[in-house]
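Asks: Prediction below, plus the sequence it came from.
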Amino acid sequence: MCAIFGTGFSTIALILFTYNIANRLAAGLVLYPPMKAAAGRYRELNAGAVLLGVLCLIYCAFGLPH
């Protein structure tokens, strides 16, 4: 529950830094697998969540206009 709350809170908190909902959702998808693993619930992660997180990380690193 803490991982889901933390991811949701951080996604909503990112509105202070960007006004684009796609960027906020991408950041939330990037943060979900590490927060789930940090909470000790890594067995609940499936390959799709990890793959989506990696793809969104690539988008955040290279796709956002700087």
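Replies: Everything's here; your move. Residues are numbered from 1 along each chain as shown.
Asks: Give me the neighbour count for Val30.
Replies: Using other C-beta atoms under 10 Å, the number of residues around Val30 comes to 23. All C-beta spots, glycine's among them, are computed from the backbone N, C-alpha and C.
Asks: where does it land on pLDDT?
Replies: pLDDT for Val30: 88.
Asks: for the chain, longest helix please?
Replies: In the chain, taking DSSP state H as the definition, the longest helix is helix 21-38.
Asks: Show me where the chain dips below the pLDDT cut-off.
Replies: Applying pLDDT under 70 to the chain picks out residues 1-7, 15, 64-66.
Asks: one more time with 80
Replies: Residues of the chain meeting the criterion pLDDT under 80: 1-23, 63-66.
Asks: how about the longest helix of the chain: buried residues?
Replies: Using 16 or more other C-beta atoms under 10 Å as the test for burial, helix 21-38 gives 23-24, 26-36.
Asks: do the same with stretch 44-55
Replies: Those would be 45, 50, 52-53, for stretch 44-55 by 16+ other C-beta under 10 Å.
Asks: what about dumping the CA coordinates of it to PDB?
Replies: The C-alpha trace of stretch 44-55 is given here as PDB (Å, rounded to 0.1, in the frame of the first residue of the first chain):
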ATOM      1  CA  GLU A  44       4.000  -8.500  -7.200                       C
ATOM      2  CA  LEU A  45       5.800  -6.800 -10.100                       C
ATOM      3  CA  ASN A  46       5.300  -8.400 -13.500                       C
ATOM      4  CA  ALA A  47       7.300  -8.000 -16.600                       C
ATOM      5  CA  GLY A  48       4.900  -5.600 -18.200                       C
ATOM      6  CA  ALA A  49       5.200  -3.100 -15.300                       C
ATOM      7  CA  VAL A  50       8.900  -3.200 -15.400                       C
ATOM      8  CA  LEU A  51       9.000  -2.900 -19.200                       C
ATOM      9  CA  LEU A  52       6.600   0.100 -19.100                       C
ATOM     10  CA  GLY A  53       8.700   1.700 -16.500                       C
ATOM     11  CA  VAL A  54      11.900   1.300 -18.500                       C
ATOM     12  CA  LEU A  55      10.200   2.600 -21.700                       C
END
